[in-house]
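A.B. asks: here is a sequence with its predicted model. Questions after.
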Amino acid sequence: MPGRLQNKAALITGAGSGIGLESSILFAAEGANVLLVDINLEGAERGATLIKKRYPDINAVAIRADVGKEEDVKNAVDTAVREFGRLDVMVSTLTYYHAPGIMHPADDNALNTDEKIWDLTMTVNLKGVWWGCKYAILAMRQNPTDETKGLHAGGSIINTASFVALMGAATPQLAYTASKGGVLAMTRELAMVHAREGIRVNSLCPGPLKTPLLMDFLDTPEKRDRRMIHLPMGRFGEAVELAKGALFLASNDSSYMTGTDFKVDGGLSSAYVTAIGEPLLPPPASLI
Ligand SMILES: NC(=O)c1ccc[n+]([C@@H]2O[C@H](COP(=O)([O-])OP(=O)(O)OC[C@H]3O[C@@H](n4cnc5c(N)ncnc54)[C@H](O)[C@@H]3O)[C@@H](O)[C@H]2O)c1
(Lines give C-alpha, C1' and ligand atoms only; values in the text may rest on other atoms or scores of the structure.)
Protein backbone atom coordinates (compact mmCIF):
# COMPACT_ATOMS: atom_id res chain seq x y z
CA MET A 1 0.00 0.00 0.00
CA PRO A 2 1.43 3.43 -0.90
CA GLY A 3 2.40 5.63 2.03
CA ARG A 4 0.42 8.71 2.91
CA LEU A 5 3.19 10.95 1.52
CA GLN A 6 4.20 8.71 -1.40
CA ASN A 7 6.31 10.50 -4.06
CA LYS A 8 6.16 13.78 -2.13
CA ALA A 9 9.01 15.97 -0.94
CA ALA A 10 9.22 17.43 2.57
CA LEU A 11 11.49 20.00 4.16
CA ILE A 12 11.71 19.92 7.95
CA THR A 13 13.51 22.58 9.96
CA GLY A 14 14.68 21.68 13.46
CA ALA A 15 15.06 18.14 12.09
CA GLY A 16 18.06 17.32 14.28
CA SER A 17 16.04 16.64 17.41
CA GLY A 18 12.63 16.18 19.01
CA ILE A 19 9.50 16.72 16.91
CA GLY A 20 11.50 17.51 13.77
CA LEU A 21 13.55 14.34 13.94
CA GLU A 22 10.56 12.09 14.68
CA SER A 23 8.61 13.78 11.86
CA SER A 24 11.47 13.27 9.39
CA ILE A 25 11.55 9.53 10.11
CA LEU A 26 7.76 9.16 10.03
CA PHE A 27 7.43 11.12 6.77
CA ALA A 28 10.09 8.92 5.17
CA ALA A 29 8.26 5.82 6.39
CA GLU A 30 5.18 7.20 4.59
CA GLY A 31 7.06 7.57 1.30
CA ALA A 32 8.34 11.18 1.30
CA ASN A 33 11.82 12.29 0.34
CA VAL A 34 13.03 14.46 3.20
CA LEU A 35 15.39 17.42 3.54
CA LEU A 36 16.48 17.54 7.17
CA VAL A 37 17.48 21.09 8.09
CA ASP A 38 19.07 22.11 11.35
CA ILE A 39 21.66 24.50 12.72
CA ASN A 40 23.11 21.38 14.30
CA LEU A 41 24.26 19.47 11.20
CA GLU A 42 25.31 16.43 13.23
CA GLY A 43 21.74 15.92 14.49
CA ALA A 44 20.25 16.28 11.00
CA GLU A 45 22.86 13.89 9.53
CA ARG A 46 22.08 11.32 12.18
CA GLY A 47 18.44 11.43 11.09
CA ALA A 48 19.28 11.20 7.38
CA THR A 49 21.59 8.21 7.98
CA LEU A 50 18.91 6.41 9.96
CA ILE A 51 16.31 7.04 7.23
CA LYS A 52 18.59 5.81 4.40
CA LYS A 53 19.37 2.65 6.34
CA ARG A 54 15.75 1.93 7.22
CA TYR A 55 14.13 3.09 3.93
CA PRO A 56 16.67 2.62 1.09
CA ASP A 57 14.20 3.90 -1.56
CA ILE A 58 13.90 7.26 0.17
CA ASN A 59 16.15 10.20 -0.61
CA ALA A 60 17.09 11.84 2.71
CA VAL A 61 19.47 14.81 2.69
CA ALA A 62 20.79 16.75 5.68
CA ILE A 63 21.94 20.37 5.52
CA ARG A 64 22.97 23.01 8.03
CA ALA A 65 20.94 26.22 8.12
CA ASP A 66 20.27 28.93 10.65
CA VAL A 67 16.62 29.82 10.15
CA GLY A 68 17.30 33.18 11.71
CA LYS A 69 19.01 34.08 8.41
CA GLU A 70 16.87 34.58 5.32
CA GLU A 71 19.54 33.41 2.87
CA ASP A 72 19.87 30.13 4.79
CA VAL A 73 16.11 29.50 4.58
CA LYS A 74 16.04 30.33 0.87
CA ASN A 75 19.00 28.05 0.28
CA ALA A 76 17.26 25.23 2.16
CA VAL A 77 14.15 25.48 -0.03
CA ASP A 78 16.29 25.73 -3.19
CA THR A 79 18.16 22.61 -2.07
CA ALA A 80 14.91 20.68 -1.60
CA VAL A 81 13.71 21.63 -5.08
CA ARG A 82 17.10 20.78 -6.62
CA GLU A 83 17.30 17.40 -4.85
CA PHE A 84 13.68 16.29 -5.18
CA GLY A 85 12.31 18.36 -8.08
CA ARG A 86 9.53 19.79 -5.92
CA LEU A 87 8.38 20.77 -2.42
CA ASP A 88 5.04 19.45 -1.14
CA VAL A 89 5.41 19.76 2.61
CA MET A 90 7.18 22.37 4.72
CA VAL A 91 7.36 21.83 8.47
CA SER A 92 8.91 24.43 10.75
CA THR A 93 9.57 22.73 14.08
CA LEU A 94 12.53 24.68 15.12
CA THR A 95 13.55 25.74 18.31
CA TYR A 96 12.43 25.69 21.85
CA TYR A 97 13.26 29.24 22.97
CA HIS A 98 16.97 28.58 22.87
CA ALA A 99 19.79 29.38 20.56
CA PRO A 100 21.42 26.09 19.63
CA GLY A 101 22.48 24.47 22.83
CA ILE A 102 21.77 27.58 24.88
CA MET A 103 18.57 28.11 26.79
CA HIS A 104 17.37 31.54 27.70
CA PRO A 105 16.55 31.62 31.36
CA ALA A 106 16.63 35.37 30.76
CA ASP A 107 13.31 35.09 28.86
CA ASP A 108 11.12 36.11 31.76
CA ASN A 109 8.29 38.54 32.50
CA ALA A 110 7.62 42.05 31.18
CA LEU A 111 9.97 43.62 33.70
CA ASN A 112 12.99 41.34 33.48
CA THR A 113 13.20 40.24 29.83
CA ASP A 114 16.15 41.81 28.06
CA GLU A 115 15.52 43.33 24.63
CA LYS A 116 18.27 41.16 23.12
CA ILE A 117 16.48 37.99 24.26
CA TRP A 118 13.22 39.33 22.84
CA ASP A 119 14.79 40.11 19.46
CA LEU A 120 16.65 36.81 19.15
CA THR A 121 13.55 34.81 20.07
CA MET A 122 11.40 36.71 17.56
CA THR A 123 14.02 36.29 14.83
CA VAL A 124 14.27 32.53 15.14
CA ASN A 125 10.74 31.60 16.25
CA LEU A 126 8.71 34.04 14.18
CA LYS A 127 10.77 35.62 11.41
CA GLY A 128 12.35 32.25 10.61
CA VAL A 129 8.88 30.72 10.23
CA TRP A 130 7.78 33.62 8.01
CA TRP A 131 10.78 33.07 5.74
CA GLY A 132 10.04 29.35 5.68
CA CYS A 133 6.49 30.12 4.53
CA LYS A 134 7.65 32.69 1.97
CA TYR A 135 10.09 30.43 0.14
CA ALA A 136 7.90 27.33 0.50
CA ILE A 137 4.95 29.16 -1.09
CA LEU A 138 7.12 30.28 -4.01
CA ALA A 139 8.33 26.70 -4.54
CA MET A 140 4.91 25.08 -4.09
CA ARG A 141 3.40 27.27 -6.80
CA GLN A 142 5.94 25.77 -9.24
CA ASN A 143 5.34 22.11 -8.31
CA PRO A 144 4.93 20.02 -11.45
CA THR A 145 1.70 18.05 -11.82
CA ASP A 146 1.79 14.28 -12.34
CA GLU A 147 -1.68 12.81 -11.85
CA THR A 148 -0.34 9.24 -12.15
CA LYS A 149 1.65 9.84 -8.96
CA GLY A 150 -0.96 12.01 -7.24
CA LEU A 151 1.29 15.07 -7.49
CA HIS A 152 0.13 18.61 -8.19
CA ALA A 153 0.91 22.26 -7.56
CA GLY A 154 0.47 23.56 -4.02
CA GLY A 155 1.32 21.84 -0.75
CA SER A 156 0.97 21.79 3.01
CA ILE A 157 2.80 24.12 5.39
CA ILE A 158 2.92 23.27 9.08
CA ASN A 159 4.18 25.84 11.56
CA THR A 160 4.89 24.68 15.09
CA ALA A 161 3.42 26.97 17.72
CA SER A 162 2.75 25.95 21.31
CA PHE A 163 0.05 25.58 23.94
CA VAL A 164 1.50 28.71 25.53
CA ALA A 165 0.09 30.66 22.58
CA LEU A 166 -3.39 29.65 23.84
CA MET A 167 -2.99 29.62 27.63
CA GLY A 168 -1.28 31.87 30.14
CA ALA A 169 1.39 30.59 32.52
CA ALA A 170 2.63 32.13 35.75
CA THR A 171 6.05 30.71 34.87
CA PRO A 172 6.66 33.33 32.18
CA GLN A 173 8.75 33.24 29.01
CA LEU A 174 7.32 36.39 27.54
CA ALA A 175 9.26 36.56 24.29
CA TYR A 176 8.75 32.87 23.55
CA THR A 177 5.01 33.08 24.25
CA ALA A 178 4.59 36.22 22.14
CA SER A 179 6.51 34.65 19.25
CA LYS A 180 4.24 31.59 19.31
CA GLY A 181 1.12 33.79 19.35
CA GLY A 182 2.58 35.46 16.26
CA VAL A 183 3.00 32.06 14.60
CA LEU A 184 -0.70 31.28 15.13
CA ALA A 185 -1.88 34.65 13.75
CA MET A 186 0.50 34.60 10.79
CA THR A 187 -0.44 31.02 9.90
CA ARG A 188 -4.16 31.84 9.93
CA GLU A 189 -3.68 34.81 7.61
CA LEU A 190 -1.46 32.94 5.16
CA ALA A 191 -4.03 30.15 5.08
CA MET A 192 -6.64 32.62 3.88
CA VAL A 193 -4.38 34.27 1.31
CA HIS A 194 -3.32 31.00 -0.35
CA ALA A 195 -6.46 28.87 0.13
CA ARG A 196 -7.33 28.78 -3.58
CA GLU A 197 -3.83 27.93 -4.71
CA GLY A 198 -3.91 24.44 -3.18
CA ILE A 199 -1.60 25.60 -0.39
CA ARG A 200 -2.80 24.76 3.11
CA VAL A 201 -1.18 26.42 6.12
CA ASN A 202 -1.81 25.07 9.62
CA SER A 203 -0.31 25.47 13.09
CA LEU A 204 0.67 22.52 15.21
CA CYS A 205 0.26 23.31 18.92
CA PRO A 206 2.16 20.87 21.14
CA GLY A 207 1.51 20.50 24.83
CA PRO A 208 4.52 20.07 27.15
CA LEU A 209 6.68 17.21 25.89
CA LYS A 210 9.07 14.78 27.46
CA THR A 211 11.97 16.04 25.39
CA PRO A 212 15.42 16.40 26.94
CA LEU A 213 15.17 20.13 26.70
CA LEU A 214 12.01 20.53 28.78
CA MET A 215 13.05 17.79 31.17
CA ASP A 216 16.43 19.48 31.71
CA PHE A 217 14.59 22.71 32.36
CA LEU A 218 12.23 21.03 34.84
CA ASP A 219 15.16 19.72 36.84
CA THR A 220 13.49 19.30 40.24
CA PRO A 221 10.47 17.14 41.26
CA GLU A 222 8.74 20.35 42.44
CA LYS A 223 9.03 21.95 38.98
CA ARG A 224 7.70 18.80 37.26
CA ASP A 225 4.87 18.34 39.77
CA ARG A 226 3.80 21.97 39.32
CA ARG A 227 3.10 21.15 35.63
CA MET A 228 1.98 17.53 36.01
CA ILE A 229 -1.12 18.45 38.02
CA HIS A 230 -2.42 20.34 34.96
CA LEU A 231 -1.89 17.44 32.52
CA PRO A 232 -5.19 15.54 32.13
CA MET A 233 -3.52 12.30 31.00
CA GLY A 234 -1.05 12.32 33.88
CA ARG A 235 2.03 12.40 31.63
CA PHE A 236 4.01 14.67 29.35
CA GLY A 237 3.63 14.20 25.60
CA GLU A 238 6.16 12.45 23.35
CA ALA A 239 7.73 14.04 20.28
CA VAL A 240 6.51 11.10 18.17
CA GLU A 241 2.90 11.97 19.10
CA LEU A 242 3.44 15.40 17.55
CA ALA A 243 5.03 13.84 14.47
CA LYS A 244 1.80 11.88 13.96
CA GLY A 245 -0.18 15.12 14.12
CA ALA A 246 2.23 16.69 11.63
CA LEU A 247 1.78 13.70 9.29
CA PHE A 248 -2.00 14.18 9.35
CA LEU A 249 -1.63 17.87 8.49
CA ALA A 250 0.97 17.08 5.81
CA SER A 251 -1.10 14.41 4.05
CA ASN A 252 -4.28 14.60 1.96
CA ASP A 253 -6.15 13.17 4.98
CA SER A 254 -6.46 16.79 6.14
CA SER A 255 -7.44 18.14 2.69
CA TYR A 256 -10.27 20.27 4.11
CA MET A 257 -8.18 21.79 6.92
CA THR A 258 -6.40 25.09 6.72
CA GLY A 259 -5.78 27.94 9.15
CA THR A 260 -6.33 25.72 12.16
CA ASP A 261 -4.61 25.71 15.56
CA PHE A 262 -4.15 21.93 15.65
CA LYS A 263 -3.67 20.99 19.28
CA VAL A 264 -1.85 17.83 20.30
CA ASP A 265 -1.74 18.62 24.00
CA GLY A 266 -3.22 15.66 25.90
CA GLY A 267 -6.31 17.75 26.70
CA LEU A 268 -4.34 20.43 28.53
CA SER A 269 -6.09 23.36 26.87
CA SER A 270 -9.51 21.94 27.83
CA ALA A 271 -8.66 21.30 31.46
CA TYR A 272 -9.92 22.82 34.68
CA VAL A 273 -9.72 20.09 37.37
CA THR A 274 -7.78 17.02 36.26
CA ALA A 275 -8.28 13.39 37.26
CA ILE A 276 -6.29 11.53 39.91
CA GLY A 277 -4.32 8.31 39.43
CA GLU A 278 -1.71 6.84 37.13
CA PRO A 279 -2.31 6.72 33.34
CA LEU A 280 -3.68 3.38 32.15
CA LEU A 281 -1.82 3.33 28.83
CA PRO A 282 1.91 3.81 28.23
CA PRO A 283 3.04 6.43 25.69
CA PRO A 284 4.00 5.26 22.17
CA ALA A 285 7.64 4.38 21.47
CA SER A 286 9.99 6.79 19.72
CA LEU A 287 10.89 6.07 16.08
CA ILE A 288 14.56 6.90 16.68
N1 LIG B 1 9.21 20.41 23.84
C2 LIG B 1 8.08 20.97 24.29
O3 LIG B 1 7.64 20.75 25.43
C4 LIG B 1 7.30 21.92 23.38
C5 LIG B 1 6.08 22.41 23.81
C6 LIG B 1 5.38 23.29 22.99
C7 LIG B 1 5.90 23.66 21.76
N8 LIG B 1 7.10 23.15 21.38
C9 LIG B 1 7.61 23.58 20.07
O10 LIG B 1 7.91 22.44 19.28
C11 LIG B 1 9.01 22.71 18.44
C12 LIG B 1 10.06 21.65 18.56
O13 LIG B 1 10.37 21.43 19.91
P14 LIG B 1 11.32 20.23 20.34
O15 LIG B 1 11.04 19.92 21.77
O16 LIG B 1 11.23 19.15 19.33
O17 LIG B 1 12.72 20.98 20.29
P18 LIG B 1 14.21 20.39 20.20
O19 LIG B 1 15.04 21.30 21.03
O20 LIG B 1 14.24 18.92 20.51
O21 LIG B 1 14.56 20.59 18.65
C22 LIG B 1 14.71 21.85 18.10
C23 LIG B 1 15.72 21.79 16.99
O24 LIG B 1 15.82 23.10 16.41
C25 LIG B 1 17.18 23.33 16.09
N26 LIG B 1 17.43 24.76 16.02
C27 LIG B 1 17.55 25.62 17.03
N28 LIG B 1 17.79 26.86 16.59
C29 LIG B 1 17.84 26.77 15.22
C30 LIG B 1 18.09 27.71 14.18
N31 LIG B 1 18.32 28.99 14.44
N32 LIG B 1 18.09 27.24 12.90
C33 LIG B 1 17.86 25.93 12.62
N34 LIG B 1 17.62 25.01 13.58
C35 LIG B 1 17.61 25.42 14.86
C36 LIG B 1 17.95 22.67 17.23
O37 LIG B 1 19.30 22.44 16.88
C38 LIG B 1 17.13 21.40 17.46
O39 LIG B 1 17.63 20.32 16.69
C40 LIG B 1 9.47 24.11 18.80
O41 LIG B 1 8.89 25.04 17.91
C42 LIG B 1 8.91 24.33 20.18
O43 LIG B 1 8.71 25.68 20.46
C44 LIG B 1 7.81 22.29 22.14
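C.D. replies: That came through fine.
A.B. asks: report pLDDT for the nearest residue to N33 once chain neighbours are set aside.
C.D. replies: Leaving out its chain neighbours, the residue that sits closest to N33 by C-beta to C-beta, 6 or more residues apart in numbering is N59, at 4.2 Å. All C-beta spots, glycine's among them, are computed from the backbone N, C-alpha and C. At N59, the pLDDT value in this model is 98.
A.B. asks: can you count the residues close to N59?
C.D. replies: 16 (other C-beta atoms under 10 Å).
A.B. asks: residues in the stretch 151-288 of the chain within reach of the ligand, list them.
C.D. replies: Contact residues, the stretch 151-288 of the chain versus the ligand (C-beta under 6 Å from any ligand atom): 160, 162-163, 206, 208-209, 211, 213-214, 239.
A.B. asks: partner strands of whichever strand or helix holds R200, with direction?
C.D. replies: Assigned by DSSP states H and E, R200 belongs to strand 199-206. As defined by DSSP bridges, the strand partners of strand 199-206 come to strand 155-160 (parallel), strand 261-264 (parallel).
A.B. asks: now it: mean pLDDT?
C.D. replies: For strand 199-206, mean pLDDT rounds to 96.
A.B. asks: would TSV of the strands paired with strand 199-206 with distance to N75 be doable?
C.D. replies: TSV is the format used below for the strands paired with strand 199-206 (distance: least, C-beta to C-beta, whole Å):
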stretch	distance to N75
strand 155-160	18
strand 261-264	28
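A.B. asks: winner for burial among those strands?
C.D. replies: strand 155-160 (a mean of 27; mean count of other C-beta atoms under 10 Å).
A.B. asks: identify all contacting residues around that strand.
C.D. replies: The contact list for strand 155-160 (C-beta atoms under 8 Å, 6 or more residues apart in numbering) reads 14, 19, 87-94, 129, 132-133, 136-137, 140, 143, 183, 186-187, 190, 198-204, 206, 242, 246, 249-251, 254.
A.B. asks: for A110, see how far away the residue lying closest to T113 once chain neighbours are set aside is.
C.D. replies: In space, and not counting its chain neighbours, T113 is closest to L174: 5.0 Å by C-beta to C-beta, 6+ apart. Separation of L174 from A110 (C-beta to C-beta, to the nearest Å) stands at 6 Å.
A.B. asks: got it, and G155?
C.D. replies: Distance from G155 to A110, by C-beta to C-beta: 38 Å.
A.B. asks: who's in contact with the lengthiest helix in the chain?
C.D. replies: Looking across the chain with DSSP state H, the single longest helix is helix 174-193. Residues from elsewhere that reach helix 174-193, judged by C-beta under 8 Å, 6+ apart: 97, 104, 107-110, 113, 117-118, 121-122, 125-126, 129-130, 133, 137, 157, 159-162, 164-166, 169, 200-203, 205, 258-259, 261.
A.B. asks: in stretch 235-244, what's buried?
C.D. replies: Neighbour counts over stretch 235-244 (16 or more other C-beta atoms under 10 Å) mark 235-243 as buried.
A.B. asks: list the contacts of it.
C.D. replies: Applying C-beta under 8 Å, 6+ apart, the set of residues contacting stretch 235-244 from outside is 18-19, 21-23, 25-26, 160, 204, 206-211, 214-215, 227-228, 264-266, 279, 283-287.
A.B. asks: buried only: go through these for me.
C.D. replies: Buried among the contacts of stretch 235-244 (16+ other C-beta under 10 Å): 18-19, 21-23, 25-26, 160, 204, 206-209, 211, 214, 227, 264-266, 287.
A.B. asks: so for the longest helix of the chain, mean pLDDT?
C.D. replies: 96.
A.B. asks: one more: stretch 77-93?
C.D. replies: 93.
A.B. asks: same question, stretch 140-147
C.D. replies: 96.
A.B. asks: from the chain's centroid, how far away is stretch 203-220?
C.D. replies: 13 Å (C-alpha atoms, centre = their mean, to the nearest Å).
A.B. asks: closest residue of the stretch 1-150 of the chain to the ligand?
C.D. replies: Closest residue of the stretch 1-150 of the chain to the ligand, C-beta to the nearest ligand atom: G18 (2.0 Å).
A.B. asks: ok, that residue touching T211?
C.D. replies: Yes - if you go by C-beta atoms under 8 Å, G18 and T211 touch, sitting 4.7 Å apart.
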